[in-house]
Structures are given as C-alpha cells and as structure tokens.
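K.L.:
Sequence below, structure please.
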Amino acid sequence: MAKKVFKFRVDAGKATPGPPIGQALGPTGVKTPQVVAKINELTKQYSGMKVPVKVIIDMSTKDFEVEVGQPSVSSLLLHEIGKSSGVGKPGVAGEATAGDISMEAIVKIAEQKAKSLTASSFKAAVKTVLGVAASVGLTVEGKKPKEIISDLDSGKYDQLLSKGEIELEAERAKW
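P.N.:
This next block holds a predicted model:
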C-alpha cells in the first residue's frame, strides 16, 4: 500500500478545495471536499493563524489522514495580541511596536512550543519566545524583551517558570 504525503500551510478553519490543496490532491482521486472539511475541523482552534497541515493518502484505498502541526511562535504571539503581523523594523528608533504582551502569555506559548524548540531548559525556551517577540516588535509588560531576559536571568520570574520546567522535565523523561 503506497502512501503519498502532501504538506500545506493553511488559514486555520478556512481551507478551500481550490489551489493549492485541490490542485495537489485532484490527481490522487481522493475526495478533496472531504479532506478540506477534515482540515477545517482540526484547525478551527487556531482560527486567525496559518497552520502547517500534512495530508497522508493511501493510494490503494483512497483513505486519508490529516495531521495538524502547531503554528509558529510568531503566529502564536501575534494571535495573543490580536494582530496578524508585526512591525517592519522592530527596535528601530521611531518605529512603533506591534503591541504589548504579558509574561504569562510568553510562558504559555513557551509551554506550547517547548517540545519543538531546541532549548536546553524551560528558561531557555522562554528566552527563545522572548527573542521572537523582539523580532516581531512586541514589548512585554511595557519593557523590551531584552530587559525581560535580564530579569529572567536575575531570577525575577523563577516562580512563574517553575511549572513549565517541571512539565518539560517530565516530557523529556518520556523520550
């Protein structure tokens, strides 16, 4: 049984049978509207974001599976503040910020993405998310992300990070 894998990046909950999905799946003989309906059902929780999706088709039976990946860190950050894009030149004098985000939201996103980040600790995962926040032009609780990283290093947020660190260690023990 030969399987074919197709990868797409779709607007969560708003995939259509048009290009690129219909164009790619049409020649396989699978019912594209059914695939699109499944994609939309599985991605609706990420509404307003682009999400990576993998469609796996069994070419002999025309059965299919849909696997949904997680949105990028920048998509999660921007979704958290209700925006679709960051600023053009973050950190440049005179350039506005994209918005402000809470440290709790940063930690929540780090928890979501911890498994896919190459960070050696949960604190490092939080620093990675803060770095992405800086790159899209966000401030964190009114401060530049670099200032928050200094606060992290001084131990200011250790209590907030402790839950995520415990969960990450438990997850790594499973690997």
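
K.L.:
Could you tell me which residues make contact with the residue nearest the centre of the chain?
P.N.:
Nearest residue to the geometric centre of the chain (C-alpha atoms, centre = their mean): residue 71, 2.4 Å. The neighbourhood of residue 71, defined by C-beta atoms under 8 Å, 6 or more residues apart in numbering, consists of 12, 46, 49-52, 79. (Each C-beta comes from the backbone N, C-alpha and C, glycine too.)

K.L.:
Residue 100 now?
P.N.:
81, 138-142.

K.L.:
so it, which of the three states?
P.N.:
For residue 100, the assignment made with DSSP: H, G, I helix; E, B strand; the rest coil gives strand.

K.L.:
tell me the contacts of residue 65?
P.N.:
By C-beta under 8 Å, 6+ apart, the contact list for residue 65 reads 55-56.

K.L.:
hmm, 6 Å instead?
P.N.:
residue 56 (C-beta atoms under 6 Å, 6 or more residues apart in numbering).

K.L.:
before we move on, what SS does it have?
P.N.:
Residue 65 ends up strand, using three-state DSSP.

K.L.:
what does the model give it for pLDDT?
P.N.:
Note on residue 65: pLDDT of 95.

K.L.:
Residue numbering should commence at 498 henceforth.
P.N.:
Sure thing, new numbering starts at 498, so read that last one as residue 562.

K.L.:
Is it bridged to anything, and to what?
P.N.:
residue 553 (DSSP bridges).

K.L.:
How much space separates it from residue 523?
P.N.:
18 Å (C-beta to C-beta, to the nearest Å).

K.L.:
now the helices for the protein?
P.N.:
Under the criterion DSSP state H, helices of the chain are mapped to 518-522, 529-540, 570-578, 600-610, 619-633, 642-650, 655-671.

K.L.:
For residue 558, which of these is the nearest?
P.N.:
Distance to residue 558, taken as C-beta to C-beta, is lowest for helix 529-540 among the helices of the chain, at 13.5 Å.

K.L.:
Nearest residue to residue 578 in space, please, no chain neighbours.
P.N.:
residue 596 (4.0 Å; C-beta to C-beta, 6 or more residues apart in numbering).

K.L.:
Report how many residues lie close to that neighbour.
P.N.:
As a burial measure, residue 596 scores 18 neighbours (other C-beta atoms under 10 Å).

K.L.:
Report the contact partners of it.
P.N.:
So residue 596 contacts 578, 580, 635 (C-beta under 6 Å, 6+ apart).

K.L.:
most neighbours, which of those?
P.N.:
That'd be residue 635 among those, by other C-beta under 10 Å, with 27 neighbours.
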